[in-house]
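**Student:** Turn this into a model:
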Amino acid sequence: MTAPRLYPRDPRVPMERWTQQRWHVNGDGSLCLMQAADDWQPTDVSAALVCKAAGWFIEYLLVEQGDLASMAIRGIYASSEIDALLAARFT
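**Tutor:** Reported below is the predicted structural model:
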């Protein structure tokens, strides 16, 4: 069993950003949503990846605009390290 792969359609991530940790994109252009292969289990609900992908999208835009140097290691889905930035930016 392998984890589902999600590929962003918009924004289209330039190939030179693939595999750069700051962008969280795998070498095939899919989103890097898990730290380890065993982070995905066959019993996991695929809908949980929607939240992770939405968080990836927000972080991608923040990095691209220079508001963040790189994405959070575990992503904003599981991390509160950029909550203050998000609150200031979107309220």
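**Student:** ok, and what's touching stretch 17-29?
**Tutor:** Among residues not part of stretch 17-29, those counted as contacts by CB atoms under 8 Å, 6 or more residues apart in numbering are 5, 7-8, 13, 15, 31-33, 56, 59-60, 63, 69-71, 75. All C-beta spots, glycine's among them, are computed from the backbone N, C-alpha and C.
**Student:** tell me which residues of that stretch are tucked away?
**Tutor:** For stretch 17-29, a neighbour-count test (16 or more other CB atoms under 10 Å) marks 23-25, 29 as buried.
**Student:** and the least confident of the contacts of stretch 17-29?
**Tutor:** Across the set of these, residue 75 stands lowest in pLDDT, at 81.
**Student:** Pull the number of nearby residues for it.
**Tutor:** Residues lying near residue 75 (other CB atoms under 10 Å) number 21.
**Student:** so when I look at it, I'm seeing a strand, right?
**Tutor:** No - Residue 75: not assigned to a strand; according to DSSP: H, G, I helix; E, B strand; the rest coil it is coil.
**Student:** Can you pull out the low-pLDDT segments for the protein?
**Tutor:** Flagging of the chain using pLDDT under 70 yields the residue ranges 1.
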